Structures are given as structure tokens and as C-alpha cells.
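Student: got a structure for you, letters missing:
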């Protein structure tokens, strides 16, 4: 039997669980239109990493579709952020561009407010990148004079780009700075919608003439984006209509923007080249990344075809992998709703790519899919999600909600909706994410929701905390040799969630034939396991007499299985064993039937396993080192405290203190700074309490 390791590895590096963090409740001191500045106690937060407030804005809306980047990680360890700040309530044109920087020492240069970097009232829609020396460059447009495009540099200040000789101004600029420090801008005319590009080779003082890339008739929405990477590479992408829907196009330069290739259709749905061409078409959100080797990657959203819904799927593309499914769905299920997302979006959307020094790829995106989590005005509250790939984008691991705020039915001023999230293209031990903490879901410029003064947050998400930690084991009595007339063998499959959060997943079994072809024998979709939970099944596999002679490999896979077709699968973990067949006798057994797992929904969603009469709790693993996950299930909404004590009765940590909804919850306890020994956890929900022991062994 061959056992493949559980997915702890990130390009060969074992990542420490010690960095796993989950923040507690936070309160924002801002000036929303409503006279409520923090969420009421019935709504708690369950974040990974600790948000840091770096500014605020009355203008919650930040981009129409593609966000590109509004945050960057510098070569010296600094973090740079930019955003469009609405200055007052109710006036869409009273806005400026703000910037903040976190120094390598860990302090924000401009505190919790940021600093204004433009001089043009009405400036907006900014994107940010760094040059090789770590200087920040921010592109934006402004109404004066004549709706010009601007670039601000932390080294040289404001630069005004030349006008293009057209009656329609260029707006919505997106920026990329290459390895020589050349600045590249892609922008669109408003309202006609043609796309142009330009370049500066001297830090923004002088600019190439604007060059048209896309004609108005060929453009679909405000979707342009850009990126740069070594050696000398620059790429720009956009969406445009074609037969039957919208496609993603891109152009690329390999000499720092001096020469460009012809526009290429990346997706080619209409030509049938995309693996989901029969069911999907592109939306308007695209993000690009050059990896450490200079290879171009893209992540984009698709909607259902021919009739779109609120659902969305995220896809990764590179020349090495082609198109690979990441996550998402067009159909709601027990744990994924399709809440109204607001204009220019679907409920799973707005993604970005990053990579760390070890070559691990990360994707961050937004979802407004928590059942019931809509504002009082019926707009979905967004959460930030993330996943990763250790094999260049071929397989993507379990999606993780890294903000996980829920404010169902919240009025204006009390929503927690992490909107317009942007991620730095460089990942370290953290994903570096910026978002608007919208206190009333929706986008006010699109007449969605109410004007509120919203915090702008930076959140460092420890990459350890989003790992998929599972095992799958196939156990059989080997060797197995099937006679010519066919036969059967018995085996046991065990799937265990060894991580710290509930996992929703699919499981499937297939056989690699002697020819190398794959034959599917069983799938079980829509499963769920709580932390520490296992599924154990003893199965019987028939092998028909007509099966060819030779050596076979029997596989069990765990991951996502969105439809029939290898391209759509994501394998998180797998195991296998060999068997052989000694000959062929077609008159013998005729079936490849796999029996013993008869219920396709054997593992119910965790939300259906909540107790109806009492509080239950447990910790896992136990013993632990250094992280334990404490799980509890509430029969009804209650005020909850989760505390940990040493054997002397002294409290060493308070992990939860707030209201929680009915259902299953979990919180991490980090014993890194504590001595080995017995610790007691106590969970109080209303007038009821439960407790248990945990053993820390170092």
C-alpha cells in the first residue's frame, strides 16, 4: 500500500501550527450615519489574524469590477495600502485618495487615518504597485483638469499623465511597475469604453503616447487589469464579448513594454476550449500574477451559462496548467447561500493571486454566502476567503473563511461586510489583505445601502491557518490477484479531519487501468466532517472478467468534484494500493460495482448535527502541542464565554466573550507560551456551563 502524506506541505516546507491565530471581537470607533459604532453583542467575530484599522471612508465602493492591487508588500518588509476615501456622507464626488504604510518595525506611518496623496477633489478608483526599490506608486483618476489620469509616487510626488485626443476622458487606471521600474498604465474611456495603455521609463515624468488596445465595440465592462514580473514581463487583461457570452483576453510584453504580442483569448468559451464551456462564461473580474519564475497566472470569475444566477465559480489559468477549477458553485446548498451581492458582482467573486518564496500559490476572494447573513436592506454581507496550491495551480485546497463575520439582519451602521478586498502579490508567513469594513452592505454609489463611515482594515492572515489537514487511508490485505473470470476484494477506507475547522468535501474512488486510463467506480458528494471527525467504511469492489489483464492501482481521493471530468477536480489528499488481474474471461463476473457505502449523504452537514436540548463541547487533539481546537454546539443563540484555566484555577486565556448563534462553533487555544500540563476549558452559554480537560505535552 502506498500512502501519500496529508497535506501539510507547502512546496516541501513543513509549516508550523504555532502561528495559527484567531482574533476576538473588535469594536470600531468611526462615524457611521447610524448612531451605532460597533456591532451589537449578539453578533460575534471569528477571524484568522488580527485586523488593524488604517483609515476610513464614507465611500464604501472602491472598484466596478477588477480590483488589481490596492496593497503591496515591500522588499524591506513594509506594507503599503491605498484606498478611495469618501470625505463626507451623501456626496459621491467629495472624495480623495489616501495612503498608509506599515514600517518594517510594525507601526503605521500615518496611524489609523492614513494621509491624503492627491490634490484633486473627486479623485478615485486607485491601484497600487511598488518599484524594485520599494517606492510606492498609486494610479487614480480625477475630475480636474478634464478627468485626467494621475500617478503618485512616494519618492517623487504627483505626476499628471497626458490627455488623449478624444472627447471621452480616460479613467479607471490600473498600474503595474516592472523590474526596471518602468510604470505601465491601462485605462478606459468613459463612457465609450475603449482601452488604452501607456508607459513611463523615468518614474512618471514622461510618458509614451497612449496606444489603443481594445475598440469600444469589443469591450465588456470595466474589467481591465495589469501586472509585471521578472524578467522584463508585463501583462494586461480585460473581458470582451464574443459569441454566446464574455471571454477573458490578454496581451503580454517580454521586453518591459517596448513590444507587445497580439491580444489572445485566454478562455475561448465560444470555441469550446474551456473545460466548462457548456455551463459557464466569464464575468468581469480578472487578476494577474507573474510567479517567481516569470510565468503568467490568472484568476477569474465565471457565471452560469446560458442563464446567469447569483452564483459564481473561480478559475485559475496558467500556460502550464490550463484552466483549473478553484472553488464556487452556481447552486445554493445547506451551507452556501446566494445572497444578493450588489452591482458588478456575484456571490462568489473578486479574487486575487499571491505567491510565497517557496512557490506556493494563494488565492483570496469574497463571498456573501453565509445563509441568512444579509443586511436589513437585503444585501449580502461579504467575507474574505482564501485557499492555496502547492503544485502550481493544478489542485486547490479547501476554501477557508478568514474573516467570518455574521450580522444577519443588521441595520445601517451595524453590518460587518468585508468588501472590495485586495491582496498583496507577495505572500510571506502571512497573506497581506486590505478591505473595507462596510457597515451597511451594498455600494452607495449604486444606490445600495446607506452612507456609513467605514473602517479600512489591513489583516495579516497566517498561512498556516488556512492549511487543509486531512488523512485518507486505504487498508486491504495484499497482494490482491483477480483471476481471469473476475472476482472481488474487500478493503477499508478511513477519512479523518485532523484540522481545526469543519470541512465540506467530496470523496471519490477510481481505478487506474493497465493502459493508464481511469475508471470511476464511486463518488460521494457533499460530505462534511467536524475537526477530529472520521468516516470509516468497509467496501467490496467487484472486478469483471472482461477487465484486461495486468497491473492496476486503486485510488481514494478527497477534495472537490464539481462535475464529471478530470479538469474540474481538486485533490486535497489521496491514497492507493495495487492489485492485478491474471487474465481475461468475458463470460465471468460482469460488474465494476463498489458496495458498502450505500448512502451518498452519509455525513450530514454539521449544521444538521447540532443538539436540540443541551450544550455539548470537546477539544481536539487531546493531548495537544501547541494548538487545541475547542468545539461547542449551541441548541439556541446565547451569550457565550470560553475560558481556559490552569490546575491552580487561574484563568490563562479568555477565547470568547459574546453572543453566538445556534449551531456549531470552534475556537483555537494556543499553548505556545505555557508549560506542559493539564488545563481546563469552561464554556458558559446562558445559565449552562460545561468543562473539560486538555493535556499540553511539549
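Tutor: Thanks, I have the structure now. Quantities reported herein were computed from a predicted structural model and do not represent experimental measurements. Numbering: from 1, shown residues only.

Student: Could you find the closest non-adjacent residue to residue 102?
Tutor: residue 79 (4.0 Å; C-beta to C-beta, 6 or more residues apart in numbering). All C-beta spots, glycine's among them, are computed from the backbone N, C-alpha and C.

Student: The protein - how does it break down into domains?
Tutor: Following automatic domain parsing, the chain resolves into domains at 2-6+53-466, 470-595, 611-696.

Student: isn't residue 619 right up against residue 696?
Tutor: No: assessed by C-beta atoms under 8 Å, residue 619 is found out of contact with residue 696, at 10.8 Å.

Student: shared neighbours of those two, anything?
Tutor: residue 628 (C-beta atoms under 8 Å, 6 or more residues apart in numbering).

Student: sec struct for residue 653, please.
Tutor: Under DSSP: H, G, I helix; E, B strand; the rest coil, the three-state class of residue 653 is strand.

Student: who are the neighbours in contact with it?
Tutor: 643, 644, 669.

Student: tell me the most buried of the domains of the chain?
Tutor: domain 2-6+53-466 (a mean of 21; mean count of other C-beta atoms under 10 Å).

Student: Show me how far that one is from its chain's centre.
Tutor: Counting by C-alpha atoms, centre = their mean, to the nearest Å, domain 2-6+53-466 is centred 13 Å from the centre of its parent chain.

Student: that older thread, can you put the domains of the chain in CSV and add distance to residue 47 and mean pLDDT?
Tutor: Listed next are the domains of the chain as CSV, based on distance: least, C-beta to C-beta, whole Å; pLDDT from 0 to 100:
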stretch, distance to residue 47, mean pLDDT
domain 2-6+53-466, 5, 93
domain 470-595, 13, 90
domain 611-696, 11, 80
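
Student: Nearest residue to the residue of the chain most remote from its centre in space, please, no chain neighbours.
Tutor: Among the C-alpha atoms of the chain, the one most distant from their mean position (C-alpha atoms, centre = their mean) is that of residue 587, at 52.0 Å. Nearest non-adjacent residue to residue 587, counting by C-beta to C-beta, 6+ apart: residue 545, 6.4 Å away.

Student: May I ask you to confirm that the one you found is in contact with residue 582?
Tutor: No: here residue 545 does not reach residue 582: they are 11.2 Å apart, not a contact under C-beta under 8 Å.

Student: Mind listing the shared neighbours of these two?
Tutor: residue 484.

Student: State the distance from residue 313 to residue 558.
Tutor: 20 Å (C-beta to C-beta, to the nearest Å).

Student: Sorry, slip of the keys, the one I care about is residue 231.
Tutor: From residue 231 to residue 558 the distance is 39 Å (C-beta to C-beta).

Student: what's the answer for residue 588, then?
Tutor: Distance from residue 588 to residue 558, by C-beta to C-beta: 32 Å.

Student: For residue 492, what is the enclosing helix or strand?
Tutor: strand 486-497 (DSSP states H and E).

Student: Show me the strands paired with that strand, marking each as parallel or antiparallel.
Tutor: The strands beside strand 486-497 in its sheet (DSSP bridges) come out as strand 470-476 (antiparallel), strand 534-544 (antiparallel).

Student: so what secondary structure elements neighbour the next helix or strand after that strand?
Tutor: Counting by DSSP H and E, the next helix or strand C-terminal to strand 486-497 is strand 503-512. The helices and strands touching strand 503-512, judged by 3 or more C-beta pairs under 8 Å, 6 or more residues apart in numbering; DSSP states H and E, are strand 470-476, strand 486-497, strand 518-529, strand 550-560.
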